[in-house]
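Novice: here's my sequence, what's the structure:
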Amino acid sequence: MQKSIFLILILAVIITGGVIVLFLSLFFEADLTVNFNEPAVNLNINENKNINTDVNSNINDNLPIKIYHINGIIKRIEEDRMFVDAIVLTGKTLNPNQEGATEIVEVAISPTVKITKLIFVAKEGGKSYTPNIINIKLSDLKIGDKVEVISSSDIKGKDSFPAATIQLIQTSIK
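Specialist: So this is what the prediction gives:
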């Protein structure tokens, strides 16, 4: 007897909860759209909000606060540096009509920089490939190679920076 009363009470609570949710959903509409161009904090409220406006003074900038790598094509190689036509800009604001624009970035290369090559090795049957990273030398790099250059410090807004690692990217599978 007590078991059936307990089950009836649980069922009543569930039905009541469902009715309340249905009732609220009829009167309140959820706004599922998100506008990424508006700040997350309402600045019109007269409350003290701790917002660091120096870090990102332009909400529409769409660039990350810090950048640690570039991708691009080698344009010139010297003994201790190379110049890369960077696909990812290092911090200058992109206008909508400039998307995909590049800039030449100077990369300092010390003797301790790790230089690798990403290759894809065919698995048995040749229908799938496994990525493989091998160590190479600076002399293995040539003009026109596509590379990813990673720095150990923020490079946003800089036209030159020291490389921590350089990876030659294979553009075709053989």
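
Novice: so how far is I73 from I143?
Specialist: Counting by CB to CB, to the nearest Å, the separation of I143 from I73 is 8 Å. From N, CA and C alone the C-beta is placed, and that goes for glycine too.

Novice: please apply the same query to K156.
Specialist: 21 Å.

Novice: ok, I77 - how many residues close by?
Specialist: 18 (other CB atoms under 10 Å).

Novice: what's the burial count for the nearest residue to it once chain neighbours are set aside?
Specialist: In space, and not counting its chain neighbours, I77 is closest to L141: 6.1 Å by CB to CB, 6 or more residues apart in numbering. By other CB under 10 Å, 18 other residues sit near L141.

Novice: what of I109?
Specialist: There are 19 residues near I109, going by other CB under 10 Å.

Novice: wait, doesn't it sit right on R81?
Specialist: Yes - using CB atoms under 8 Å, I109 makes contact with R81 at a distance of 5.8 Å.

Novice: buried ones in the worst-scoring helix or strand of the chain on mean pLDDT?
Specialist: None of the helices or strands of the chain scores lower by mean pLDDT, DSSP states H and E than helix 2-27, at a mean of 81. For helix 2-27, burial by neighbour count (16 or more other CB atoms under 10 Å) applies to no residue.

Novice: show the subsequent helix or strand relative to it.
Specialist: Downstream of helix 2-27, the next assigned helix or strand under DSSP states H and E is strand 69-77.

Novice: tell me the buried residues in that following strand?
Specialist: Quick answer for strand 69-77 (16+ other CB under 10 Å): H69, I70, G72, I74, I77.

Novice: that strand packs against which elements?
Specialist: The contact analysis (3 or more CB pairs under 8 Å, 6 or more residues apart in numbering; DSSP states H and E) places strand 69-77 against strand 81-86, strand 103-108, strand 146-150.

Novice: what pairs with that strand, parallel or antiparallel?
Specialist: Within its sheet, strand 69-77 is paired with strand 81-86 (antiparallel), strand 146-150 (antiparallel), according to DSSP bridges.

Novice: which stretches of this structure have low pLDDT?
Specialist: Along the chain, the parts satisfying pLDDT under 70 run over 1, 27-64, 87-101, 171-174.

Novice: now with 50?
Specialist: For the chain, applying pLDDT under 50 flags the ranges 42-43, 45-60, 90, 93-97.

Novice: for S152, state which of the buried residues of strand 69-77 is nearest.
Specialist: Nearest to S152 among the buried residues of strand 69-77, counting by CB to CB, is H69 at 10.5 Å.

Novice: many thanks, we can stop here.
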